[in-house]
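Colleague: dropping a prediction and its sequence here:
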Amino acid sequence: MDQLDILKQKWQEREQEFPQLSYSDIYQMLLKKSSSIVKWIFIISIAELLFWTLLSLSVPESYSTIYSELGVETIIFIFNIISYIIIISFIYLFYKNYRSIRVTDNTKKLMSNILKTRRSVRYFVMANVSLFVISTTIISVIFYMNSSTLYEVMDFAALGVPEDNFATAFIIVQIIVGVFFVGVLALFYWLIYGILLRRLKRNYKELKLIDR
Amino acid sequence: MTKELEHSFVSQLEENQNIVHKICRLYTQDSDSHNDLFQEITIQLWRAYPKFRGDSKFSTWMYRVALNTAITLYRKSKRKVQTQDFEGVSFKITSEEYDDTVEEQLKVMYKAVKDLNDIDKALVFLYLEDKSYKEIAETLGITEVNSRVKMNRIKEKLRKILNP
């Protein structure tokens, strides 16, 4: 007889000893708050959706003058439309996936739905970052080609910035800021995924391996 | 209505609490986390309870929610719970069958099970609870054939750990 079967036999024959909880102990537990991973994913996801929505909708007032001076209003308008489409479709997708998480599903389905929900937020952020990079690149090129107009409109002379190397300096600053921004984001996501999803991903992989 | 629901839920959980305790003991290392996981499982069970139609036994339904919480949803929290210390498995002992060696073997075996990964542990747990392979497969979302194959592999693994 297998050793596991001996354990099974004893497991069946005899009750294990546990400190028994009373009716009121259990009742008290109903009033406590959950600290499940799904709750954390929900909070973080909502924060991200809000952050990116606000960021993509907020353009400083002073920029509109520059945009109209340089004639890039149409491009900005198109990017805004794309941005709204992204926000609306991803909020819908997130909501749909989040609602599909049910603790009464089988383990594999539950894990898959949680990962799907998380992925929808990650794609949302990636779409926003891509849009941000593309729009910044296009606008920077336009700015670069019209650097003298930009120099005048933003009144860099008053700030003591010399006009000679202005265009080059402008592009370099844009690139540095862009790379830094994307780097911070990558670190942020690496941390969030590392802390929150490591165990879940490992277990999901393990489950999928069984059926391979 | 809510009061009624609360009452029937708490009574049923009180009656079946050992199932949850067994899972907590397998998946946590100390009594603090044990109680914390118990708490989380209770919350998850309670949330899902209004949809529990009674088309299966309450205990059967509990296995799935409790295991899902232990494997997937549970995150250690710093929430304070009252604790009582205990370690490993301890069976209630009846005087006529007391035997040190059996007891010792059981402890070693239990520890080996506890050291398995989360998924293997869930399989073994359901097996120890005398669930059919069909039920094990349905709970975890794998095929019945593969749950059998996997179980045999785990048995082999345990054998090697215990008899190196």
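Modeller: Yep, it's here. Numbering: from 1, shown residues only, chains lettered A, B, ... in the order given.

Colleague: pLDDT at the one residue in chain B that gets nearest to chain A, what is it?
Modeller: Nearest residue of chain B to chain A, counting by C-beta to the nearest C-beta: B:G141, 3.0 Å away. In short, each C-beta sits where N, CA and C put it, glycine included. B:G141 carries a pLDDT value of 95.

Colleague: that one and A:N203 touch, don't they?
Modeller: No: counting by C-beta atoms under 8 Å, B:G141 does not reach A:N203; the two are 11.7 Å apart.

Colleague: nearest residue to the middle of chain B?
Modeller: B:I23 (2.3 Å; C-alpha atoms, centre = their mean).

Colleague: now chain A against chain B: closest residue?
Modeller: Closest point on chain A to chain B, by C-beta to the nearest C-beta, is A:K108, at 3.0 Å.

Colleague: check which helix or strand that residue maps to.
Modeller: According to DSSP states H and E, A:K108 maps onto helix A:107-145.

Colleague: any idea which helix or strand comes after the helix or strand bottoming out on mean pLDDT in chain B?
Modeller: Lowest by mean pLDDT, DSSP states H and E among the helices and strands of chain B is helix B:100-114, with a mean of 82. For helix B:100-114, the following helix or strand on the C-terminal side (DSSP H and E) is helix B:118-128.

Colleague: run the chain-centre distance for the helix or strand bottoming out on mean pLDDT in chain A.
Modeller: Of all helical and strand segments in chain A, the minimum by mean pLDDT, DSSP H and E falls on helix A:61-70, at a mean of 72. Taking C-alpha atoms, centre = their mean, to the nearest Å, one finds helix A:61-70 lying 30 Å from the centre of the chain it belongs to.

Colleague: that helix to helix A:107-145, inter-axis angle?
Modeller: 60 degrees (axes from the mean of the first three to the mean of the last three C-alpha atoms, to 10 degrees).

Colleague: spatially nearest residue to the residue of chain B closest to chain A (excluding sequence neighbours)?
Modeller: A:K108 (3.0 Å; C-beta to C-beta, 6 or more residues apart in numbering or on different chains).

Colleague: what do you get for A:F166?
Modeller: Closest residue in space to A:F166, ignoring its immediate chain neighbours: A:Y151 at 5.5 Å, by C-beta to C-beta, 6+ apart.

Colleague: returning to that earlier point: list the buried residues in the helix or strand following the least confident helix or strand of chain A.
Modeller: Proceeding N to C from helix A:61-70, the next assigned helix or strand is helix A:73-99, under DSSP H and E. With burial defined by 16 or more other C-beta atoms under 10 Å in any protein chain shown, the residues of helix A:73-99 counted as buried are A:I76, A:F79, A:S83, A:I86, A:I87, A:F90, A:L93, A:F94, A:N97, A:Y98.

Colleague: what is the burial count for A:K32?
Modeller: Residues lying near A:K32 (other C-beta atoms under 10 Å in any protein chain shown) number 13.

Colleague: so it sits in a helix?
Modeller: No: with DSSP: H, G, I helix; E, B strand; the rest coil as the criterion, A:K32 is coil rather than part of a helix.

Colleague: mind listing the helices for chain B?
Modeller: B:2-27, B:31-48, B:58-68, B:100-114, B:118-128, B:133-140, B:144-162 (DSSP state H).

Colleague: how far does the shortest one sit from the chain's center?
Modeller: Using C-alpha atoms, centre = their mean, the mean C-alpha position of helix B:133-140 is found 14 Å from that of the whole chain.

Colleague: so which residues make contact with that helix?
Modeller: With contacts defined as C-beta atoms under 8 Å, 6 or more residues apart in numbering or on different chains, helix B:133-140 is touched by A:106-108, A:207, A:210, B:60, B:63-64, B:67, B:119, B:122-123, B:126-127, B:131, B:143-144, B:146-148, B:151.

Colleague: apply 10 Å and report the result again.
Modeller: Identification of contacts with helix B:133-140 by C-beta atoms under 10 Å, 6 or more residues apart in numbering or on different chains yields A:106-109, A:207, A:210-211, B:60, B:63-64, B:67-68, B:71, B:119, B:122-127, B:129, B:131-132, B:142-151.

Colleague: what stretches of chain B score poorly on pLDDT?
Modeller: For chain B, applying pLDDT under 70 flags the ranges B:1, B:77-99.

Colleague: domain map for it?
Modeller: Following automatic domain parsing, one finds the domains of chain B at B:2-73, B:95-162.

Colleague: give me whichever of these is most buried.
Modeller: Compared across the domains of chain B, domain B:2-73 shows the largest average neighbour count, a mean of 19 (mean count of other C-beta atoms under 10 Å in any protein chain shown).

Colleague: just give me how far that one sits from the chain centre.
Modeller: That offset, for domain B:2-73, works out to 10 Å (C-alpha atoms, centre = their mean).

Colleague: the helix or strand harbouring A:F51 near chain B at all?
Modeller: A:F51 belongs to helix A:37-57 when assigned by DSSP H and E. Yes: for helix A:37-57, a contact with chain B is found by C-beta under 10 Å from any C-beta of the partner chain, at A:I37, A:V38, A:K39, A:W40.
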